[in-house]
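Student: Give me a 3D structure for the following:
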Amino acid sequence: QLQLVESGGGLVQPGGSLRVSCTASGRTLEYYAIGWFRQAPGQERERISCINVRDGRTYTADSVRGRFTVSRDNAKNAVYLQMNSLKPEDTAVYYCAADPGNYVCPLHPDYWGQGTQVTVSS
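Tutor: Prediction:
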């Protein structure tokens with residue numbers, strides 16, 4: 001059974017940076033597509049970035065392109081989301097999710113982490 005744990009969230013000032021991590025256990029991520037999602041209070045969940053762990057293909061949503069970068073470390077069985085130039089509207093709970101298959105983004109994720117809170121405020 002694959003388990004995902006997010007970490008690295010916190011409080012940051014506008015314009016600052018954070019890196020959130022998604023660490024897996026139970027199975028190797030090599031054959032999975034991993035997505036980063038976020039959900040702010042009262043808003044729908046938004047998919048913001050994805051990566052195919054095996055070959056490194058990525059996707060980034062228009063809302064964060066140029067500021068957020070997804071990467072992976074296969075040796076650590078982890079995926080990361082580097083977030084730069086953060087804005088107050090980036091405040092949300094950030095989740096990673098996984099789906100087996102040779103996709104860039106998980107189609108119907110079977111596995112979700114518990115989420116990590118990111119708050120951008122002065």
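
Student: Look up the closest residue to the most far-flung residue of the chain relative to its centre, ignoring the ones flanking it.
Tutor: Going by CA atoms, centre = their mean, the residue of the chain most distant from its centre is Ser122, 23.5 Å out. Spatially, and ignoring its direct neighbours in sequence, Ser122 is nearest to Gln13 (5.3 Å; CB to CB, 6 or more residues apart in numbering). Heads up, the C-betas are built off the backbone N, CA and C, glycines and all.

Student: okay, now that neighbour: neighbour count?
Tutor: The tally of other residues near Gln13 (other CB atoms under 10 Å) stands at 10.

Student: List the residues that contact it.
Tutor: By CB atoms under 8 Å, 6 or more residues apart in numbering, the residues touching Gln13 are 120-122.

Student: Which ones among the residues you listed map onto strands?
Tutor: With DSSP state E as the criterion, strands contain Val120 from among those.

Student: How far does stretch 70-79 stretch from one end to the other?
Tutor: 7 Å (CA to CA, to the nearest Å).

Student: in it, what counts as buried?
Tutor: Neighbour-count burial for stretch 70-79, counted by 16 or more other CB atoms under 10 Å, picks out 70, 72, 77-79.
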